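>>> sequence first, then the predicted structure:
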Amino acid sequence: MITVNHIAQLRSFCDDARRAGRRVGLVPTMGYFHEGHRSLMRAARVENDVVVVSIFVNPTQFSPSEDLDAYPRDLERDDAIARDEGVDVLFTPDTAEMYPRPPLTTVHVGDLTAELCGASRPYHFDGVATVVTKLFAITGPCRAYFGRKDYQQLAVVRRLVADLDLPVDVVGCPLVREPDGVAMSSRNAYLSAEERAAATALVRALDRAAEAVRAGERDAATLRGLVVAEVDGEPLATLDYAEVVDAGDLSRIDHLEDSTDVLVALAARIGKTRLIDNATIEVRGAQVRVDLGVRS
């Protein structure tokens with residue numbers, strides 16, 4: 001594995017790889033790797049000749065009140081994990097490299113960013129869309145891997161690639177959970193032992209909604225109410241949102257029809273730490289398929 005810090009180095013490496021007939025896979029991250037990140041690297045390793053992993057804690061997706069300075073970082077550990085997963089290139093630019101001057105150009109993806117996390121983090125997805133577009137421009141034609149835990153982010157990236165005709169295949173990979181069901185997140189490092197136990201309320205809420213759908217419930221408001229009740233029952237949890245939306249365009253729905261793919265999504269603060277989670281549910285008449293991801 002080689003580590004590069006400069007845009008020109010990564011661009012040259014990827015261009016050379018493609019000229020040699022090699023397929024490039026990109027895993028964009030903010031570092032502090034966990035098993036979810038490893039799963040993305042493994043998927044990229046299987047499907048490509050060259051695997052590039054970027055680590056960049058992107059300041060433009062944090063508001064002044066959020067945890068940019070405190071966001072967990074451990075480059076030495078991340079380097080070891082990337083090597084262990086067979087990564088070819090680790091791209092670790094600093095802020096001056098990615099934003100040598102305040103950007104006047106940003107990427108905004110309209111309706112998909114208005115609700116869910118976009119409602120409480122109004123600038124977040126513009127920052128995500130802009131930095132991802134930059135990474136795609138630097139890397140060039142590639143496959144890019146994103147986890148389904150950040151389902152709204154995945155939808156935003158897919159739409160910007162389609163709208164801008166970017167030569168990138170976006171691959172959504174399964175949400176990865178801890179053995180107790182908590183969705184893996186770098187921010188889990190913030191949780192105390194008591195808060196870590198309380199965080200299981202999020203997956204319990206999703207399980208409760210999924211079981212109701214399996215039992216025949218099709219009213220979206222009722223399903224949302226089950227999620228809210230479960231999270232509100234945890235004293236250390238403060239719900240940000242819980243929604244039942246169309247899994248394709250993230251629009252709100254009132255009823256799960258006989259041929260429906262829905263996303264049950266929520267965000268909550270456990271103590272001071274904001275966590276997100278989701279489940280997708282496919283309804284095909286009486287047949288129901290629930291995707292809560294995979295447990296490590």
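Perfect, I can see it now. Computed from a predicted structure; not experimentally measured.
>>> output the contacting helices and strands for the host helix or strand of D79.
Element membership of D79, judged by DSSP states H and E, is helix 75-84. Secondary structure elements in contact with helix 75-84, counted by 3 or more CB pairs under 8 Å, 6 or more residues apart in numbering; DSSP states H and E, are helix 35-47, strand 50-55, strand 89-91. Quick note: C-beta positions are derived from backbone N, CA and C, even for glycine.
>>> distance to C14 and mean pLDDT for those - can I get that in TSV?
Below are the helices and strands packed on helix 75-84 laid out as TSV (distance: least, CB to CB, whole Å; pLDDT from 0 to 100):
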stretch	distance to C14	mean pLDDT
helix 35-47	13	98
strand 50-55	7	98
strand 89-91	8	98
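>>> helices along the protein, start to end?
Ranges of helices in the chain, per DSSP state H, are 7-19, 35-47, 75-84, 95-98, 117-120, 124-139, 151-163, 193-198, 200-214, 220-232.
>>> how about the fourth one, which residues are buried there?
It refers to helix 95-98. M98 (16 or more other CB atoms under 10 Å).
>>> show me how far it is from its chain's centre.
22 Å (CA atoms, centre = their mean, to the nearest Å).
>>> mind listing the residues bridging to T280?
L263, D291 (DSSP bridges).
>>> residue contacts, it?
By CB atoms under 8 Å, 6 or more residues apart in numbering, the contact set of T280 is R148, Y151, A247, D261, V262, L263, V264, V290, D291.
>>> hmm, E217 is touching L223, no?
Yes: counting by CB atoms under 8 Å, L223 is a contact partner of E217 at 6.3 Å.
>>> which residues are in contact with the helix holding D79?
Against helix 75-84 from outside (CB under 8 Å, 6+ apart): M1, T3, G31, Y32, F33, H37, R38, M41, V53, I55, L90, T92.
>>> what about the residue nearest to the second one when sequence neighbours are not counted, distance to P28?
In space, not counting the residues next to it along the chain, T3 is nearest to L90; the distance is 4.6 Å by CB to CB, 6 or more residues apart in numbering. Between L90 and P28 the distance is 12 Å, computed by CB to CB, to the nearest Å.
>>> find residues that contact each of these two.
Both L90 and P28 are contacted by S54, under the criterion CB under 8 Å, 6+ apart.
>>> from R148, how far out is the closest residue to V170 other than its chain neighbours?
Distances taken as CB to CB, 6+ apart put R158 closest to V170, at 5.0 Å, once the chain neighbours are dropped. Note on R158: its distance to R148, by CB to CB, is 12 Å.
>>> tell me how far stretch 224-236 lies from the chain's centre.
Relative to its chain's centre, stretch 224-236 lies at 23 Å (CA atoms, centre = their mean).
>>> list of residues touching that stretch?
Residues contacting stretch 224-236 (CB under 8 Å, 6+ apart): 194-195, 198, 201-202, 204-206, 208-209, 212, 237, 239, 242-244, 264, 266, 268, 270-271.
>>> drop anything exposed from these.
Looks like the contacts of stretch 224-236 have 195, 198, 201-202, 205-206, 208-209, 212, 237, 239, 242-244, 264, 266, 268, 270-271 buried, using 16+ other CB under 10 Å.
>>> give me the below-cutoff pLDDT ranges for the stretch 151-296 of the chain.
Under the criterion pLDDT under 70, no range of the stretch 151-296 of the chain is flagged.
>>> of all the helices of the chain, which one is nearest E282?
helix 200-214 (9.8 Å; CB to CB).
>>> same for that closest one, what does it pack against?
Packed next to helix 200-214, using 3+ CB pairs under 8 Å, 6+ apart, are helix 220-232, strand 237-246, strand 259-270, strand 273-284, strand 287-291.
>>> please save the CA atoms from the fourth one in CSV.
Presented in CSV, the C-alpha positions along strand 273-284 are these (Å, rounded to 0.1, in the frame of the first residue of the first chain):
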residue,chain,number,x,y,z
THR,A,273,-24.0,11.7,20.7
ARG,A,274,-26.3,11.8,17.6
LEU,A,275,-26.8,8.4,16.0
ILE,A,276,-28.7,7.3,12.9
ASP,A,277,-30.2,4.0,11.9
ASN,A,278,-32.6,2.5,9.4
ALA,A,279,-34.3,-0.5,7.9
THR,A,280,-35.6,-1.2,4.5
ILE,A,281,-38.8,-3.1,4.0
GLU,A,282,-40.1,-4.7,0.7
VAL,A,283,-43.8,-5.4,0.6
ARG,A,284,-45.0,-7.7,-2.1
